[in-house]
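Chemist: I'll drop the sequence and a predicted model, then ask my questions.
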Amino acid sequence: MMHVQNQSPLGSTDNRVRRIVFFVPPHVHLLDLAGPAQVFDTALRAGAPYTLHYCSPQAIQESAQGMVIAHLTPLASITRGDLIIVPGMERESFSLEAALPDQETCDWLRSASQAGAHIASICTGAFTLGEAGLLDGRRCTTHWALVEVLQARFPRARVLENVLFAHDGTITTSAGIASGIDLALAFLEHAQGPMFAAQVARHLVVYMRRNGCEPQRSIYLEYRTHLHAGVHRVQDYLISHVAEHVSLKELATIAKVSSRELNRAFKEATGLTPIQYHQRLRLELAATLLANPTLRVEDVALQCGFEDVRHFRRLWQRRFGLPPSLSRTFPHIA
């Protein structure tokens, strides 16, 4: 269980100024870079003690999307406590023969690791860490489409499938693209507390996914690939009213169909009934609230809209295979 120290009004638990250093490789994917940067910048503006830096072997880099990023600082000396973010980059091929980072980058990352910095990669940034020898013997992950390629290229790494991110000592790797936001929120939660991280997530209008063991899919995305506009409206409404009691009749009005038609259309579109979908949303919210050690399981159940705590416990056990009281662990981030 992660213990939270005395918090400031913003929820900050760590007042030491920490450098967040973003390494910008050639052909960087913008969201890999911008997602975590937005999280830490939002935290900084809310009072978290961070400084943000952007460095590269070259002062100018062109992103994979064609945007030019300028005024990048040289690869600076790194000290213990710094956090280095290594975003993914576009490559025509991630084959065993494909050249990745230059020697200067590899030497810099190895030196930073030896100095005690925490290094985290986003998506294909894991290949950069691998070239520097930082994945040898470590648990790691990358974009789901490149898991086998990463394992083949770095056979000494312990590549994990279907996880959002993997922590191993002072090295963290994350999955595809948007998971960099999840990773940044996880670091923020560990350093500044769950309430502060939740405030940042709400400000960015994103949903926190609890830990690296969760699949690379989210309930907020997994059931949205259909084309039924009415069902989408119902899903949007339920997401915005997770803890409230909502009748099927109300939802049918939102979808502009009858209750019977909604049940049938919702099931066809998502594989779930509206009630089942609502329950899963509540369990997702509960997973976020359980990270706050000041809340009892009973408090979490009530805040998620469960009037019967025993019903909440049964649903949680059925969904995750263990009681909520045993689900309050969080991967340690050094």
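Modeler: On my side now, so go ahead. Numbers count the residues shown, from 1 in each chain.
Chemist: do you know how far the nearest residue to Trp108 once chain neighbours are set aside is from Val28?
Modeler: Spatial nearest neighbour of Trp108, excluding adjacent residues (C-beta to C-beta, 6 or more residues apart in numbering): Leu75 at 4.5 Å. Where C-beta positions appear, they are placed from N, C-alpha and C, glycine not excepted. Separation of Leu75 from Val28 (C-beta to C-beta, to the nearest Å): 15 Å.
Chemist: So for these two, which sits in the more crowded spot?
Modeler: Taking other C-beta atoms under 10 Å, Leu75 and Val28 do not tie; Val28 has more neighbours (28 against 18).
Chemist: least trustworthy helix or strand in this protein by mean pLDDT?
Modeler: Least confident helix or strand, the chain: helix 219-222 with a mean of 65, by mean pLDDT, DSSP states H and E.
Chemist: quick one: the residue sitting nearest the centre point of the chain from Lys256, how far?
Modeler: Nearest to the centroid of the C-alpha atoms of the chain, with distances taken as C-alpha atoms, centre = their mean, sits Asp182, at 1.4 Å. Per C-beta to C-beta, Asp182 is found 34 Å from Lys256.
Chemist: can you check Val200 too?
Modeler: 36 Å.
Chemist: re the thing from before, helix/strand/coil for the residue nearest to Trp108?
Modeler: When classified by DSSP: H, G, I helix; E, B strand; the rest coil, Leu75 comes out as coil.
Chemist: Now do the same contact list for it.
Modeler: Phe23, Cys55, Ser56, Pro57, Glu104, Thr105, Trp108 (C-beta atoms under 8 Å, 6 or more residues apart in numbering).
Chemist: and with 7 Å instead?
Modeler: Shown in contact with Leu75 (C-beta atoms under 7 Å, 6 or more residues apart in numbering): Cys55, Pro57, Glu104, Trp108.
Chemist: Contact partners for the first one?
Modeler: If I follow you right, that is Cys55. When contacts are counted by C-beta under 7 Å, 6+ apart, Cys55 is found next to Val21, Phe23, Val24, Leu72, Thr73, Pro74, Leu75, Ala76.
Chemist: What of Phe320?
Modeler: Contacts of Phe320 (C-beta under 7 Å, 6+ apart): Ser327.
Chemist: the helices in the stretch 1-150 of the chain, which residues?
Modeler: Using DSSP state H, counting those that start in this stretch, the helices of the stretch 1-150 of the chain run over 30-45, 103-115, 125-131, 147-153.
Chemist: what's in contact with the second one?
Modeler: Under the criterion C-beta under 7 Å, 6+ apart, residues 57, 75, 78-80, 84, 119, 128-129, 131-134, 170 lie in contact with helix 103-115.
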